[in-house]
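# Give me coordinates for this.
(one chain, ligands or ions: 1)
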Amino acid sequence: MSKDNEKRLAGEAAIRYVEDGMVVGVGTGSTVAYFIDALARRRDRIAGAVSSSEQSTRLLRERGIEVLDLNAVGELPLYVDGADECDPHKRLIKGGGAALTREKIVAAASKRFVCIIDSGKRVDILGKFPLPVEVIPMARSYVAREIVKRGGRPVWRDGVVTDNGNWILDVHGLSIVDPIGLERDLNQLAGVVTVGLFAQRPADVVLVGDREMA
Ligand code: 5RP
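Have a look, this model is predicted:
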């Protein structure tokens, strides 16, 4: 089956977790776009959505789904988002679409995180996909030097400015055997806004196409 077909199946399968009256947390990316399409078909039965990016906000509004402010809604029952890599413990690399900071906030504020992927995203050890790190622009070189000391090869995603006005370093050459430790370590560097490792708060459910990963 094609990658795109698997993404569509995963996006549509995630609808199983949406209950009437819910405010739904919505991630970012091409797999999530299929979820938004499915969500739009039952927009009259949900209370609205909290969006993780300007891109998803646009898609949600175009499809008639009300976008709510996270500060106004409290804890969310459900967050649905894609990922760039997923290990057997449901720990993820995210941020290929540069939306990692808001994605991490909405995931943290949600009771259940359903991750939707195609089978090509499954890995035993995270790190083949370059790890995105969002940095305050003036800290780019400093953070890059610190990452080099840790064995990574940071590459500036030149020309990309995040929804928060920051920059992205994509870190190549990592084999992430301790994702929680690396997430904590990089998080504490001055100037790092968000690390694209979702290991301290992994997904609760992973849908690979329409199948739930054990
Ligand atoms: C955006 C993300 C996306 O979830 C990730 O890049 C996967 O995207 P896609 O569904 O298009 O493959 O983390 O920041």
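# Just to be sure, Val193 is in a strand?
Yes - under DSSP: H, G, I helix; E, B strand; the rest coil, Val193 sits within a strand.
# Where does the closest residue to it other than its chain neighbours sit: helix, strand or coil?
Setting aside the residues directly before and after it, Val193 is nearest to Glu134 in space (CB to CB, 6 or more residues apart in numbering), at 4.3 Å. Just so you know, the C-beta spots here come from the backbone N, C-alpha and C atoms, and that holds for glycine as well. Following three-state DSSP, Glu134 is assigned to strand.
# okay, now Glu134: neighbour count?
25 (other CB atoms under 10 Å).
# That one and the ligand: what is the separation?
Glu134 is 10 Å from the ligand, where distance means CB to the nearest ligand atom, to the nearest Å.
# surely that residue meets Ile168?
Yes - using CB atoms under 8 Å, Glu134 is in contact with Ile168, at 5.8 Å.
# tell me, what's touching these two both at once?
When contacts are counted by CB atoms under 8 Å, 6 or more residues apart in numbering, Glu134 and Ile168 have 95, 98, 162 as shared neighbours.
# which of these are close to the ligand?
The subset of these within reach of the ligand, by CB under 6 Å from any ligand atom, is 95, 98.
# Which single one of the shared contacts of Glu134 and Ile168 is nearest to Ala33?
Nearest to Ala33, judged by CB to CB, of the shared contacts of Glu134 and Ile168 is Ala98 at 15.6 Å.
# and the closest one, how many neighbours?
By other CB under 10 Å, 23 other residues sit near Ala98.
# One more: Ala107?
Applying other CB under 10 Å, we find 25 residues neighbouring Ala107.
# in the top strand by length along the chain, what counts as buried?
Taking DSSP state E as the criterion, the chain has its longest strand at strand 110-117. Judged by neighbour count using 16 or more other CB atoms under 10 Å, the buried positions of strand 110-117 are 110, 113-117.
# Adding distance to the ligand and pLDDT, write the residues you listed out as JSON lines.
Listed next are the buried residues of strand 110-117 as JSON lines, based on distance: CB to the nearest ligand atom, whole Å; pLDDT from 0 to 100:
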{"residue": "Ser110", "distance to the ligand": "15", "pLDDT": "98"}
{"residue": "Phe113", "distance to the ligand": "12", "pLDDT": "98"}
{"residue": "Val114", "distance to the ligand": "12", "pLDDT": "98"}
{"residue": "Cys115", "distance to the ligand": "8", "pLDDT": "98"}
{"residue": "Ile116", "distance to the ligand": "8", "pLDDT": "98"}
{"residue": "Ile117", "distance to the ligand": "7", "pLDDT": "98"}
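# So which of these is the closest to Ile36?
Nearest to Ile36 among the buried residues of strand 110-117, with distances taken as CB to CB, is Ile116, at 11.3 Å.
# three-state assignment of the closest residue to that closest one other than its chain neighbours?
Distances taken as CB to CB, 6+ apart place Ala10 nearest to Ile116, at 3.7 Å, with adjacent residues excluded. Following three-state DSSP, Ala10 is assigned to helix.
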